[in-house]
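Q: Here is a sequence with its predicted model. Questions after.
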Amino acid sequence: MANKATSSSSSSPPVVAEETQDWMVGAGSGWVEARTSCDHLNSLSPDLIHLPTPDTPCSRCQNPVENWLCLCCKEVLCSRFVNRHMLMHHQRTGHCLALSYSDLSVWCFSCEAYLDAQIILQLRPIHQAAYILKFGEAPPLPQL
C-alpha cells in the first residue's frame with residue numbers, strides 16, 4: 001500500500017496511512033510504566049519453574065533471537081518484530097501472558113501492558129528462573 005501524501009505542498013513530509021502504521025504500535029522508545037496487577041494471572045501455566053532456555057529458537061520459524069515464552073503453555077515464539085508468531089499464538093489460542101527472553105519483561109496481550117514481574121508475586125518466581133537461566137545468577141533484589 002502506498003503512503004498517502006498531503007496535497008497542500010510537495011515539500012511537506014508525506015502523511016502515512018493509518019493502516020501502514022499498525023506495525024509500528026509500540027515500536028517507539030521511551031519509559032513505559034509496568035502494571036503492578038493483572039486480572040489474567042489465573043491463566044499462568046502451573047509449571048513455570050522448569051522453563052525452556054533463553055536460547056530456544058521460535059518453535060515455528062526457528063528464529064534464534066527476539067523470542068518470547070508463552071506463560072500459559074511454555075511455547076517459545078518470535079516477536080512481532082520478526083515473524084509475529086507470539087502475536088499469532090495469542091490471537092489463535094487466547095494465551096495472553098508472555099515473557100521476553102530479550103529483556104525478561106512480561107507482556108499481557110489482554111491488558112495491552114507490560115507487567116512488573118518483580119512486584120507481582122505470581123510472576124516473581126518466573127522472572128527469577130528466567131534471570132538465572134539467562135545470566136547464571138540470581139537477580140538483584142527489587143528496590144521497593
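A: Sure, I can see it.
Q: which residues in this structure form strands?
A: With DSSP state E as the definition, the chain shows strands at residue ranges 67-70, 76-78, 97-100, 106-108, 113-115.
Q: Now do the last one: distance to the chain's middle.
A: So the one you mean is strand 113-115. Its chain's C-alpha centre and that of strand 113-115 lie 9 Å apart, by C-alpha atoms, centre = their mean, to the nearest Å.
Q: With the second one instead?
A: Relative to its parent chain, strand 76-78 has a centroid offset of 10 Å by C-alpha atoms, centre = their mean.
Q: Who does that strand pair with, and is each partner parallel or antiparallel?
A: Note on strand 76-78: by DSSP bridges, its sheet partners are strand 67-70 (antiparallel).
Q: cool, the third one as well?
A: Using DSSP bridges, the strands paired with strand 97-100 are strand 67-70 (antiparallel), strand 106-108 (antiparallel).
Q: With only the CA atoms kept, save the first one in CSV.
A: Once non-C-alpha atoms are left out, strand 67-70 reads as follows in CSV (Å, rounded to 0.1, in the frame of the first residue of the first chain):
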residue,chain,number,x,y,z
ASN,A,67,11.8,-14.7,21.2
TRP,A,68,9.0,-14.8,23.8
LEU,A,69,7.9,-17.6,26.2
CYS,A,70,4.1,-18.1,26.4
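Q: Now it: average pLDDT?
A: Model confidence over strand 67-70 averages 98 on the pLDDT scale.
Q: With the shortest one instead?
A: Averaging pLDDT along strand 106-108 gives 98.
Q: returning to that earlier point: right, so of the strands paired with strand 97-100, which gets closest to residue 133?
A: With respect to residue 133, and counting by C-beta to C-beta, the nearest of the strands paired with strand 97-100 is strand 67-70 at 10.2 Å. C-beta: built from backbone N, CA, C; applies to glycine.
Q: Many thanks, have a good one.
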